[in-house]
Every structure is written in C-alpha cells, then in structure tokens.
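S.K.: Return atomic coordinates for the entry below.
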Amino acid sequence: MVKVLMNPKFKTHKSRYKVLEKNTRKGMYIDGYLQSNLDHVYKNVTKNDFDSFIVITGREGFGKSTIAAQIATFLDPTYNINRCCFTAEQFEEACITAGKFKAVVFDETMGYLSSRGAMSKFNRGLIKIMSEMRSKNLFCILCIPNFFELDRYPAIHRSTGLIHVYKRGAFGSYDYNTKKKLYLLGKKTYSYSVTPNFIGRYVDYFPLPKEEYESKKQVAINDWVASSSKEKKYQKQRDILIEYLHKEKKETQQKISELIGVTKQYINFLLGKLDNE
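M.R.: This is a model prediction of the structure:
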C-alpha cells in the first residue's frame with residue numbers, strides 16, 4: 001500500500017500533513033529518504049530564512065513533471081496550477097506574485113529551452129528571479145532535460161539539490177556537495193557518472209487537475225511555436241538586409257554590426273555561409 005512516510009520530528013506542520021494524508025488516499029507516495037530530506041528543506045526555508053531551488057532532470061517522458069508536482073505539494077499544500085509554469089515569463093510572474101513559503105515549478109516539457117540561445121537567455125533571467133526566491137523564501141523547482149545546460153552559478157552555487165530521473169518511476173538524489181562534484185566532472189561529457197547520495201522511487205500520481213495542466217501547457221506550446229515562427233521570419237529578413245548592405249551598399253562589417261545590432265563574428269559567419277551556397 002502506498003503511503004507518505006513521515007518523520008515524527010516534523011509532525012507539528014499540521015496543515016501540510018493533513019493535505020498529504022488526503023492525497024495518500026488518492027495514491028500519493030513520498031520515498032522515505034526523499035521525505036526526510038524534504039523535511040529538512042522545509043524547516044530551513046520556513047524557520048531559518050532560506051529559500052530552496054531544486055533541479056529535476058531526465059529524458060522526456062520519464063516523469064519529471066510528476067515528481068516535481070509531488071514535491072511541490074509536499075512542501076506547499078497550497079501548490080496549484082497557477083504556480084505551474086511553462087515559460088520563463090510565467091515563471092518570473094509566479095515568483096513575483098507568490099506569497100512567502102510557496103512552491104513554484106518551471107515545467108520545461110515542450111522543448112522551450114531546447115536551443116542554445118533560449119537556454120542562455122533563461123540562465124540570465126534566473127539571476128533576476130533568484131532575488132525573488134530569496135526575499136520570499138520560495139520553494140522553486142526547475143524541470144529541465146539536462147543538468148549540464150545550466151550555467152555554473154545556478155547549477156553549482158545556487159541550487160539546493162538535484163534529482164535525476166534515470167527511468168520512469170526511479171530517481172537519484174544529489175545533495176549540494178555531490179551535485180557540485182557531478183557538474184564539475186560531468187560537464188565535459190554530459191555524463192551522470194557521479195554516484196548519487198541515494199536512489200528512490202515515486203508513483204504515477206499527479207496532484208494537479210490533469211485537464212487544467214494539459215490545457216495550460218498546450219496554450220504555452222502554441223504561443224511558443226507562434227513566437228518561434230515570427231523569430232525565424234525576422235532572422236531571415238535580417239540576414240537578407242545584412243547581405244544587401246554588404247554587397248549592394250558596400251558597407252563594412254563594422255558599420256553593419258552597429259546598424260543591425262549583431263556581432264561582427266555573426267556577420268562574417270553569415271556572409272561566408274552565403275558565399276558557399
């Protein structure tokens with residue numbers, strides 16, 4: 001029988017466990033070792049003025065969203081669809097509008113951060129969002145396919161811990177120091193070669209209303225696809241303009257760089273590519 005394993009030391013958090021007991025009847029389960037660690041996280045955030053930034057990684061379809069929602073509900077029984085985010089903009093807004101000690105999840109389930117440019121932009125935006133995490137003592141959970149795509153600062157120094165879902169229903173958990181070792185050793189080959197602190201399992205129970213979750217995700221996907229198409233169209237028009245300025249107007253690469261707002265290296269790359277076509 002599935003159950004929530006509770007540490008007696010923290011049973012005083014009545015509202016949290018009342019919700020968990022209700023969810024247990026529906027089928028929620030928290031691995032015992034994970035529960036003990038999350039109790040420690042909860043105490044640090046609510047009693048010792050910390051925040052928590054947990055990274056969850058794994059291949060698409062392995063269940064990152066499921067375990068993220070379970071952890072968010074465990075740490076914050078009020079967690080709901082409004083704080084389940086599918087875009088960087090939603091994530092930032094949720095962190096800004098959330099009250100103290102609330103859980104916010106960035107659920108990267110659609111390839112939103114699949115390009116190098118998108119991931120770089122998101123890494124930069126994390127710095128701003130982290131100030132909100134800290135000031136409001138938030139529990140923030142980031143679901144991404146690969147840990148090594150994060151920049152060094154959020155990956156090593158700012159994240160509380162890492163959960164790597166290595167197959168559906170099973171995960172490895174890395175604490176602050178072990179995750180740092182993993183990042184430093186595995187970054188070059190993108191390999192999860194460092195042994196986690198412990199491994200555990202989770203069940204296929206999703207705490208959020210499934211229809212609302214899927215609907216919100218689909219809206220985000222549609223918006224992302226539309227914006228990506230516009231971005232590609234803009235880039236094509238920009239490249240045509242660069243070629244025209246260079247070949248027809250005989251402008252220098254330096255001048256074009258100043259006019260268009262792209263680097264000379266990109267202009268040189270683009271013109272070389274066009275010459276070879």
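S.K.: roughly how far out does the longest helix along the chain sit from the chain middle?
M.R.: Ranked by residue count and defined by DSSP state H, the top helix of the chain is helix 210-247. Between the centre of helix 210-247 and the centre of its host chain there is 21 Å, according to Cα atoms, centre = their mean, to the nearest Å.
S.K.: Can you name every helix or strand that that helix contacts?
M.R.: Under the contact criterion of 3 or more Cβ pairs under 8 Å, 6 or more residues apart in numbering; DSSP states H and E, helix 210-247 touches helix 253-260, helix 264-276. Backbone N, C-alpha and C define where each C-beta goes, glycine included.
S.K.: how does it look with 6 Å?
M.R.: helix 264-276 (3 or more Cβ pairs under 6 Å, 6 or more residues apart in numbering; DSSP states H and E).
S.K.: quick one: what helix or strand has F171 in it?
M.R.: strand 170-174 (DSSP states H and E).
S.K.: Quick one: mean pLDDT over the longest helix of the chain.
M.R.: What helix 210-247 shows for mean pLDDT is 79.
S.K.: how big is the angle separating that helix from helix 264-276?
M.R.: Angle of helix 210-247 versus helix 264-276, following axes from the mean of the first three to the mean of the last three Cα atoms, to 10 degrees, is 80 degrees.
S.K.: How much space separates C140 from T87?
M.R.: The spacing between C140 and T87, counted by Cβ to Cβ, to the nearest Å, is 15 Å.
S.K.: still on that earlier bit, for the longest helix of the chain, buried residues please.
M.R.: Residues of helix 210-247 classed as buried: 213, 216-217, 220-221, 224, 239, 242, 245-246 (neighbour count, 16 or more other Cβ atoms under 10 Å).
S.K.: Apart from its chain neighbours, what residue comes closest to N82?
M.R.: In this structure, N82 finds its nearest non-sequential neighbour in A94, 7.0 Å apart by Cβ to Cβ, 6 or more residues apart in numbering.
S.K.: Give me the contact list for the helix or strand following the strand holding F171.
M.R.: Following strand 170-174 in sequence order, the next helix or strand is helix 176-186 (DSSP H and E). With contacts defined as Cβ atoms under 6 Å, 6 or more residues apart in numbering, helix 176-186 is touched by 155-156, 162, 174, 193-194, 197.
S.K.: Tell me which of C140 and T87 has more neighbours.
M.R.: Neighbour comparison, C140 and T87: the larger count goes to C140, with 30 against 21 (by other Cβ atoms under 10 Å).
S.K.: Work out for me the element the residue nearest to N82 sits within.
M.R.: Assigned by DSSP H and E, A94 falls within helix 88-97.
S.K.: Give me the buried positions along that helix.
M.R.: So for helix 88-97, counting by 16+ other Cβ under 10 Å, buried means 88, 90-92, 94-95.
S.K.: Just the CA coordinates for it, please, in PDB.
M.R.: Provided in PDB are the C-alpha atoms of helix 88-97 (Å, rounded to 0.1, in the frame of the first residue of the first chain):
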ATOM      1  CA  ALA A  88      10.200  31.900 -18.500                       C
ATOM      2  CA  GLU A  89       7.700  34.700 -18.400                       C
ATOM      3  CA  GLN A  90       5.200  32.600 -16.400                       C
ATOM      4  CA  PHE A  91       7.900  31.500 -14.000                       C
ATOM      5  CA  GLU A  92       9.100  35.100 -13.300                       C
ATOM      6  CA  GLU A  93       5.500  36.300 -12.800                       C
ATOM      7  CA  ALA A  94       4.700  33.400 -10.500                       C
ATOM      8  CA  CYS A  95       7.700  34.100  -8.300                       C
ATOM      9  CA  ILE A  96       6.900  37.800  -8.200                       C
ATOM     10  CA  THR A  97       3.200  37.300  -7.200                       C
END
